[in-house]
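Asker: Provide a 3D model corresponding to the input given below.
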Amino acid sequence: MDGKIKEILKELKNKGSEKNKQGMKRFGINVETAFGTNVYLTRKIAKKYKKEHSLALELWKTNIHEARMLAGFIDDPKKVSEQQMELWVKDFNSWDLCDQVCSNLFDKTAFAWKKAVEWTERKKEFEKRAGFVLMCALAVHDKKAKDKEFEKFFSLIKKHSVDERNFVKKAVNWALRQIGKRNKKLNRKCISLAKEIKKIDSKSAKWIASDTLRELESEKVQERLKE
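Answerer: Sure thing, here's the model as predicted:
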């Protein structure tokens with residue numbers, strides 16, 4: 001193992017604790033290969049290694065939870081290939097790893113829009129979640145994207161609103177809410193879509209719709225969109 005990798009793993013391990021590991025577990029995080037290192041401390045370590053693609057690839061191979069999180073923070077999105085994204089998404093085994101890698105790295109790659117669509121059709125829970133998390137991240141980070149690009153996601157959001165799995169339904173809900181907070185026009189369209197979803201005979205769909213409407217129709221969101 002490379003000396004730099006050993007050094008990073010040692011630092012991550014030293015900043016971890018069993019107490020934090022158990023706290024992560026309570027939040028539904030898979031801690032099977034975790035040191036119990038706080039994500040904020042992992043981000044702090046990442047600042048020392050920005051845009052190091054080859055190092056990110058080696059960190060991912062360690063299979064250590066926090067090392068993989070760090071890999072997502074330090075990789076260079078311009079050097080990330082479609083093949084790499086496909087390999088990494090198959091390794092997602094926890095919601096936090098999925099969310100951090102998708103919203104800190106994958107959403108900035110040339111394949112983000114493509115994978116947001118493709119991955120929603122996957123069978124595995126975290127691969128499918130990744131597609132919807134990419135929708136969320138693009139809604140927040142891609143300031144130049146046109147409304148029609150997000151409207152292409154609507155049929156997928158509606159189709160998969162019936163998925164009862166916790167980490168999928170929450171991501172579907174998150175995607176709809178984030179798109180609906182982008183601007184007034186998308187807000188109206190997402191509210192309309194949520195009302196359609198609410199009519200579906202599915203416990204998951206009704207929850208997604210109700211939670212979305214609660215936020216998108218709220219005074220706070222409406223006032224912000226007016227500004």
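Asker: what helices or strands is the host helix or strand of Ala171 leaning on?
Answerer: Using DSSP states H and E, the secondary-structure element containing Ala171 is helix 166-180. Applying 3 or more CB pairs under 8 Å, 6 or more residues apart in numbering; DSSP states H and E, one finds that helix 166-180 contacts helix 125-141, helix 154-159, helix 184-198, helix 203-216. All C-beta spots, glycine's among them, are computed from the backbone N, C-alpha and C.
Asker: For the ones you listed, give me TSV that also has distance to Gly16, mean pLDDT and mean neighbour count.
Answerer: As requested, the helices and strands packed on helix 166-180 are exported to TSV (distance: least, CB to CB, whole Å; pLDDT from 0 to 100; neighbours: other CB atoms under 10 Å):
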stretch	distance to Gly16	mean pLDDT	mean neighbour count
helix 125-141	22	98	24
helix 154-159	37	98	17
helix 184-198	39	98	18
helix 203-216	33	98	19
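Asker: CSV for those, including distance to Asp96?
Answerer: Rendered in CSV, the data for those read as follows (distance: least, CB to CB, whole Å):
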stretch, distance to Asp96
helix 125-141, 10
helix 154-159, 22
helix 184-198, 26
helix 203-216, 20
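Asker: how about the ones you listed, which one is nearest Thr42?
Answerer: Across those, Thr42 has its closest neighbour in helix 125-141 (18.2 Å, CB to CB).
Asker: Quick check: closest non-adjacent residue to the residue nearest the centre of the chain.
Answerer: Most central in the chain under CA atoms, centre = their mean is Asp99, positioned 2.7 Å from the mean C-alpha point. Residue nearest to Asp99 in three dimensions, not counting chain neighbours: Val133, with 5.4 Å by CB to CB, 6 or more residues apart in numbering.
Asker: ok, that neighbour - contacts?
Answerer: When contacts are counted by CB atoms under 8 Å, 6 or more residues apart in numbering, Val133 touches 98-99, 102-103, 171, 174-175.
Asker: same thing but at 7 Å, please
Answerer: When the contact criterion is CB atoms under 7 Å, 6 or more residues apart in numbering, the partners of Val133 are 98-99, 102-103, 171.
Asker: sorry, back to before: gap between the residue nearest to the centre of the chain and Glu151?
Answerer: Distance of Asp99 to Glu151, given as CB to CB, to the nearest Å: 24 Å.
Asker: Does Glu164 belong to a helix, a strand or coil?
Answerer: Three states are possible here, and by DSSP: H, G, I helix; E, B strand; the rest coil the one that applies to Glu164 is coil.
Asker: domains in this structure, as residue ranges please.
Answerer: With automatic domain parsing serving as the domain definition, the record reports that the chain contains domains spanning 1-75, 95-227.
Asker: Tell me which of these is the most buried.
Answerer: Ranked by average neighbour count under the criterion mean count of other CB atoms under 10 Å, the domains of the chain are headed by domain 95-227 at a mean of 19.
Asker: State the distance spanning the first to the last residue of it.
Answerer: Between the start and the finish of domain 95-227 there is a gap of 33 Å, counting by CA to CA, to the nearest Å.
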